[in-house]
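Student: Fold the following.
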Amino acid sequence: MKKQAVSSVSELSHALETPGITEIEITQDLIGVSSILMNPGQMLCGSPNKDISITFALSSDGLRLSADNAVRHLTLITSADRRALWNDYTISDLGILTLTDLTLIGQAQILAKDGVRAGHVEVHDLRIIAADTRELIDRPYGYGVSVLQGAFTLWNMQSDPNVVLTANLIGVSAGRPGSPVLGGGVFVSGAGDEGGRIKIQRLQTGSVYSNGMIPVGTPDQISGGVFTVYGVEVDVVQNAGPVTTYGPNDMAVDNWGSVERWIVEEKITTFGPSGIGFVNFGRLGALQVKAPIETFGLGARGFNVYTGVVAFGEFDRIVTHGDGAVGVQISQPIGEFIFHRGIETFGATGPSLVKGVIQNLSAIALSIKPGGSARKIDIRGGLKTHGKDTAPLEQQGSIDLLQVEGGFFMANDQK
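Tutor: Numbering: from 1, shown residues only. Predicted structure coming up:
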């Protein structure tokens, strides 16, 4: 292995083109760099003790990976609507792509498409300051809606179910408070329920702030702060930082895949109409939400199980603010749910997006819809509603055992 230190754009170009140089160390900030293609087996790094940045030319994408590449201790800067980091689609096997201690302006996008049929992605500490994925036309579709890509996107687009990518994603963050990424936040997807898959050992997110900027009233588009789409199998998802979304139809956390264990450490918040704190369409083995889920906006629900399975769920507290903003809505059989500090809503009847259709809903604290059922629901802190003629509990399905400590509160506000 030959190592080369570079301090200028010309030295970087020479090192990339020189056979035998496998490790390139950048010692000074570089500006106006044309898009870079890394050769198989190459490593590009800065210094763990000094902030080294590469600023790419205007309207240019950034660093393009091939196979068995490692990128460490760098800041990569493109326009927000460009890709700061992406991959070559002609390589059949990505090998191991290792991304460590990186800060990006622009999207990180790894796709299995065209020739790509295998690979592993290893991420440790990836911070995306700004990105804008709203204009990307490739979007997964299901349940009546298409999904905007994320600032971080890992997507197996191959239709062949034998094509499997693997990943371990630790410390992926997107956006900042009051300055969200535009489009989705953290997005992982397979090709569909029958197509290519992604198997992830651990998906750990830091702070995520996103705004899909979807026009109000659009029924067939959504985005997500943290989104595990179909064709994804994850051992553990951990939201180690807060997840906050700001726009219409923004799902703070959404699962269409299969997750053995999902742990939420910090608060989940949505601010847009028809936003949802946590929604499940896939399979969840155990869900532990240690912090509040709170939503603000017309039809902005707290937690929903539309399809799929949730075997066990443990929650701190769920609060919604808005007409049509149901606290918890269950439309499928579930196992056992525990709520430690109750469910509370501040709203009456209003429109909300349900599977690509706008429907009028009442901001009920706990709603068990037809087809929904539960083995056990244990609520400590009560069921409370504050909207006019809004019931705390709607039961159109079955609950084997319902325990409510703190009672039922219904404020019949006539204002």
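Student: And the helices in this structure, which stretches?
Tutor: Remark: helices assigned in the chain by DSSP state H are 9-17.
Student: ok, now how distant is the residue nearest to Ala130 when sequence neighbours are not counted from Ser223?
Tutor: Excluding the flanking residues, the one nearest Ala130 by C-beta to C-beta, 6 or more residues apart in numbering is Ala80, at 4.5 Å. Where C-beta positions appear, they are placed from N, C-alpha and C, glycine not excepted. Remark: distance between Ala80 and Ser223 (C-beta to C-beta, to the nearest Å) = 15 Å.
Student: So for those two, which sits in the more crowded spot?
Tutor: Neighbour comparison, Ala80 and Ser223: the larger count goes to Ser223, with 34 against 20 (by other C-beta atoms under 10 Å).
Student: what about Asp220, how many neighbours?
Tutor: Residues near Asp220, counting by other C-beta under 10 Å: 13.
Student: returning to that earlier point: how about the residue nearest to Ala130, what does it touch?
Tutor: In this structure, Ala80 makes contact with Ile105, Gly106, Ala130, Ala131, Asp132, Leu182, judged by C-beta atoms under 8 Å, 6 or more residues apart in numbering.
Student: what sits against the residue lying closest to the last one once chain neighbours are set aside?
Tutor: So the one you mean is Leu182. Ranked by C-beta to C-beta, 6+ apart and with sequence neighbours excluded, the top spatial neighbour of Leu182 is Asp132, at 4.1 Å. Asp132 makes contact with Ala80, Asp81, Gln107, Val181, Leu182, Gly183 under the criterion C-beta under 8 Å, 6+ apart.
Student: which one of these is nearest Ser146?
Tutor: Nearest to Ser146, judged by C-beta to C-beta, of the contacts of Asp132 is Gly183 at 12.1 Å.
Student: How about the backbone phi and psi for the closest residue to that closest one other than its chain neighbours?
Tutor: Leaving aside its sequence neighbours, Gly183 sits nearest to Thr133 (C-beta to C-beta, 6+ apart; 3.3 Å). Per-residue torsions, Thr133: phi -110, psi 10 (degrees, to the nearest 10).
Student: Go ahead and confirm Thr133 touches Gln149.
Tutor: Yes: using C-beta atoms under 8 Å as the test, Thr133 is close enough to Gln149 to be in contact (4.4 Å).
Student: Mind checking which of these two has more residues around it?
Tutor: Thr133 (28 against 25).
Student: Kindly export stretch 289-306 (C-alpha atoms) in PDB.
Tutor: Coordinates of each C-alpha in stretch 289-306 appear next as PDB, following Å, rounded to 0.1, in the frame of the first residue of the first chain:
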ATOM      1  CA  VAL A 289     -40.200   4.900  23.000                       C
ATOM      2  CA  LYS A 290     -38.400   6.400  26.000                       C
ATOM      3  CA  ALA A 291     -39.300  10.100  25.300                       C
ATOM      4  CA  PRO A 292     -42.600  11.900  24.300                       C
ATOM      5  CA  ILE A 293     -44.100  11.900  20.900                       C
ATOM      6  CA  GLU A 294     -45.700  15.300  20.200                       C
ATOM      7  CA  THR A 295     -47.400  16.600  17.000                       C
ATOM      8  CA  PHE A 296     -48.600  20.000  16.000                       C
ATOM      9  CA  GLY A 297     -50.900  20.500  13.000                       C
ATOM     10  CA  LEU A 298     -54.200  19.600  11.300                       C
ATOM     11  CA  GLY A 299     -54.500  15.800  11.200                       C
ATOM     12  CA  ALA A 300     -51.100  15.300  12.700                       C
ATOM     13  CA  ARG A 301     -51.400  12.000  14.500                       C
ATOM     14  CA  GLY A 302     -49.200  10.500  17.200                       C
ATOM     15  CA  PHE A 303     -48.800   6.800  16.600                       C
ATOM     16  CA  ASN A 304     -50.400   4.600  14.000                       C
ATOM     17  CA  VAL A 305     -50.400   0.900  13.100                       C
ATOM     18  CA  TYR A 306     -52.100   0.600   9.700                       C
END
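Student: Please report how far the residue nearest to Ala130 lies from Ile105.
Tutor: 6 Å.
Student: Name the residues contacting each of the two.
Tutor: Taking C-beta under 8 Å, 6+ apart as the contact rule, Ala80 and Ile105 both touch Ala130, Ala131.
Student: For Ile358, give me its contacts.
Tutor: By C-beta under 8 Å, 6+ apart, Ile358 lies in contact with Gly217, Pro219, Ser274, Pro351, Ser352.
Student: at 10 Å what do you get?
Tutor: By C-beta atoms under 10 Å, 6 or more residues apart in numbering, the contact set of Ile358 is Gly217, Thr218, Pro219, Ser274, Gly299, Gly324, Pro351, Ser352.
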